[in-house]
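1. my questions concern the predicted model and sequence given below.
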Amino acid sequence: MALNIKPLSDRVLIEPVAAETKTASGIFIPDTAKEKPQKGTVVAVGNGKKDEPITVKVGDSVLYGKYAGTELKLEGKDYLIMREEDILAII
């Protein structure tokens, strides 16, 4: 099922990974203590700026800043839309 959204300019749509519910040692993390994920998958990209083409592509796993982007909900899923410059690394 494809999304009906196309980011403009240098913006990127990212689907964040699910927050960890259990630590490596087996302790369950309550909802109030979960940290916001900083890792996700690129779902859609814009066309880029005139002098700067987009370097990420759909399907890339990326790391982004903790407070980067704007949260939105589409078709029951959570997404982030942010500028490409807010992406720290492709992993």
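-> Received it, and whenever you're ready, just let me know what you need.
2. element containing Ala44, please.
-> Following DSSP states H and E, one finds Ala44 within strand 39-45.
3. name every strand pairing with that strand and say which way it goes.
-> As defined by DSSP bridges, the strand partners of strand 39-45 come to strand 11-16 (antiparallel), strand 61-64 (antiparallel).
4. of these, which is nearest Pro30?
-> For the strands paired with strand 39-45, the distance to Pro30 is smallest for strand 11-16, at 19.2 Å, taking Cβ to Cβ. Yep, even glycine has a C-beta here, placed from its N, CA and C like the rest.
5. rewinding a little: quick one: the strand holding Ala44 to chain centroid distance?
-> Put simply, strand 39-45 sits 5 Å off its chain's centre (Cα atoms, centre = their mean, to the nearest Å).
6. center of this structure, which residue is that?
-> Centroid-nearest residue in the chain: Ile14, 3.0 Å away (criterion: Cα atoms, centre = their mean).
7. tell me the bridge partners for that one.
-> Bridge pairing for Ile14 - DSSP bridges - gives Val42, Leu80.
8. for it, give me its contacts.
-> The contact partners of Ile14, taken as Cβ atoms under 8 Å, 6 or more residues apart in numbering, are 40-43, 62, 64, 69, 79-82.
9. buried subset of the residues you listed as a PyMOL selection?
-> Buried residues within the contacts of Ile14, by 16 or more other Cβ atoms under 10 Å, are selected in PyMOL with:
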select buried, resi 40+42+43+62+64+69+79+80+81+82
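10. what's the closest of the contacts of Ile14 to Val56?
-> Using Cβ to Cβ, Val42 is the member of the contacts of Ile14 that sits closest to Val56, with 5.3 Å.
11. pretty sure that closest one sits against Tyr64.
-> No. Using Cβ atoms under 8 Å, Val42 makes no contact with Tyr64, being 10.2 Å away.
12. residue ranges with poor pLDDT in this structure?
-> Filtered on pLDDT under 70, the chain yields the residue ranges 1-2.
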